[in-house]
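> the following block contains a protein sequence and its predicted model.
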Amino acid sequence: MLTIYHNPRCRKSRETLKIIEDAGQMVQVVDYLKMPPSRGELEHIVEKLGIKPAELIRKGEAIYKEKYKNQSLTDAEWLDVLAENPILMERPVVVAGNKAVIGRPPENVKELF
């Protein structure tokens with residue numbers, strides 16, 4: 001079973017979900033803006049992605065530019081920022097077991113099945 005942290009307004013997120021569904025994969029869809037992942041869940045996500053929390057930040061978002069652009073934060077602080085501001089999470093993120101990918105490009109999801 002795959003879990004997609006999805007924003008239905010995002011074209012890449014919709015394309016990634018379609019690839020999953022077209023492949024016949026079971027998927028749990030989490031609209032992360034309505035049901036944001038907890039700080040602990042975010043910690044597991046970055047671990048499964050094999051990246052630093054700062055790499056999961058959408059740097060084009062207004063809130064990033066206004067509050068965090070020139071900040072030098074620790075990994076723990078970036079996790080707090082993501083937990084408080086889910087709009088900053090790169091999307092879509094797809095998790096399968098102990099692995100995860102960011103669906104940019106959407107075809108990245110094929111690594112999970």
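Nice, thanks for sending it over. The model shown is predicted, which means the values in this text are computed figures rather than measured ones.

> and the residue most central in space within the chain, bridged to which residues?
Nearest to the mean C-alpha position of the chain, by Cα atoms, centre = their mean, lies Val93 at 3.6 Å. Beta-bridge partners for Val93, by DSSP bridges, are Tyr5, Ile102.

> so what's it up against?
Residues in contact with Val93 (Cβ atoms under 8 Å, 6 or more residues apart in numbering) are 4-5, 45, 49, 56, 100-103. Backbone N, C-alpha and C define where each C-beta goes, glycine included.

> swap in 6 Å and give it another go.
Shown in contact with Val93 (Cβ atoms under 6 Å, 6 or more residues apart in numbering): 5, 45, 102.

> what of Leu33?
Applying Cβ under 6 Å, 6+ apart, we find Leu33 in contact with Pro86.

> and what about it, helix, strand or coil?
Under DSSP: H, G, I helix; E, B strand; the rest coil, Leu33 falls in the coil class.

> now it: how far from Glu107?
As judged by Cβ to Cβ, to the nearest Å, Leu33 and Glu107 stand 24 Å apart.

> what do you get for Ala62?
For Ala62, the distance to Glu107 - Cβ to Cβ - is 29 Å.

> please identify which of these two sits among more neighbours.
Between Ala62 and Glu107, counted using other Cβ atoms under 10 Å, Glu107 has the larger neighbour count: 12 against 8.

> what helix or strand does the residue lying closest to Asn85 once chain neighbours are set aside sit in?
The spatially closest residue to Asn85, leaving aside those adjacent along the chain, is Ile63, at 5.7 Å (Cβ to Cβ, 6 or more residues apart in numbering). Element membership for Ile63 (DSSP states H and E) is helix 62-63.

> mean confidence (pLDDT) on the helix or strand just after that helix, please.
Using DSSP H and E, the helix or strand that follows helix 62-63 in sequence is helix 75-84. Mean pLDDT, helix 75-84: 98.

> ok, back up a step: which other residues reach the helix holding Ile63?
Here helix 62-63 has contacts from Asn85, using Cβ under 6 Å, 6+ apart.

> now Val101. Nearest residue, chain neighbours left out?
Val101's closest residue in space is Asn108 (Cβ to Cβ, 6+ apart), at 4.5 Å.
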